[in-house]
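# structure, please.
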Amino acid sequence: MLNLLELLSQVPDPEIPVINIVELGIVRGAKMLSEDEVEVIITPTYSACPAMFSIEEDIIKLLKENNLKPKVTTQMFPIWTTDWMTDEAREKLRAYGITPPEKGEGESHLHIPKKCPRCGSENTKELSRFGSTLCKSSFQCNDCLEPFDYFKCH
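Residues are numbered from 1 along each chain as shown. Model prediction:
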């Protein structure tokens, strides 16, 4: 039997290629509609996330390569939350140099010191609320002086 989530985990996030769309929590569900038709339900991390077009194309391409007829449905509600990220995704982000949000952090993340993913220091400062993508903000460690991204909670 084909494991759809395992198959879809081959699709990396185009903006953060060390994590895939399943562990990021973008894939909300996948089911066989018939012997060869598959519906994949996705939720964007942000409503205006430009990567969603690429993600949808990658899903369609992967399913077609596996002789499946894809149907991709974008579901906006409930809105995506960083709580849907797996623990493995959080560790991969940290190893990649991006500080992941803690589960359940919610809006309180604005007042919690961000740990440097390189040295672990909480002696950090925000450089900009806007990082390289909509879902990240830019920080710098005051101890090792390295800049890093923080994956915003929501």
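# quick one: the residue nearest the centre of the chain from Cys141, how far?
Nearest to the mean C-alpha position of the chain, counting by Cα atoms, centre = their mean, stands Leu24 at 3.6 Å. Leu24 sits 25 Å away from Cys141, going by Cβ to Cβ, to the nearest Å. The way it works is simple: take the backbone N, C-alpha and C, and place the C-beta from them, glycine included.
# kindly report the same for Glu23.
Distance from Glu23 to Cys141, by Cβ to Cβ: 26 Å.
# break the chain into its domains for me.
As given by automatic domain parsing, the domain ranges for the chain are 4-74, 90-151.
# for Thr73, list each beta-bridge partner.
Ile41 (DSSP bridges).
# please give the number of neighbouring residues around it.
Residues near Thr73, counting by other Cβ atoms under 10 Å, number 12.
# so the residue lying farthest from the centre of the chain, which of the three states?
Distance from the centre of the chain peaks at Glu35, with 30.0 Å (Cα atoms, centre = their mean). Put simply, Glu35 is coil when judged by DSSP: H, G, I helix; E, B strand; the rest coil.
# quick thing: my sequence starts at 333, can you match it?
In the new count, where the first residue is 333, that last one comes out as Glu367.
# could you give the backbone dihedrals for it?
Backbone torsions for Glu367, taken as degrees, to the nearest 10, come to phi -60, psi -30.
# before we move on, what about Pro479?
phi -80, psi 150.
# nearest spatial neighbour of it, skipping sequence neighbours?
Gln472 (4.9 Å; Cβ to Cβ, 6 or more residues apart in numbering).
# you'd agree the one you found is in a strand?
Yes: the assignment for Gln472 (three-state DSSP) places it in a strand.
# hang on, it packs against Thr456?
Yes: distance between Gln472 and Thr456: 6.6 Å, which falls inside the contact criterion (Cβ atoms under 8 Å).
# intersection of neighbour lists for the two?
Phe480 (Cβ atoms under 8 Å, 6 or more residues apart in numbering).
# dump whichever strand or helix holds Pro402 to CSV, restricted to CA.
Secondary structure from DSSP states H and E places Pro402 in strand 401-406. The C-alpha trace of strand 401-406 is given here as CSV (Å, rounded to 0.1, in the frame of the first residue of the first chain):
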residue,chain,number,x,y,z
LYS,A,401,-3.7,11.9,-10.9
PRO,A,402,-3.2,14.8,-8.5
LYS,A,403,-5.8,17.1,-7.0
VAL,A,404,-4.3,19.8,-4.7
THR,A,405,-6.7,21.7,-2.4
THR,A,406,-5.6,24.7,-0.5
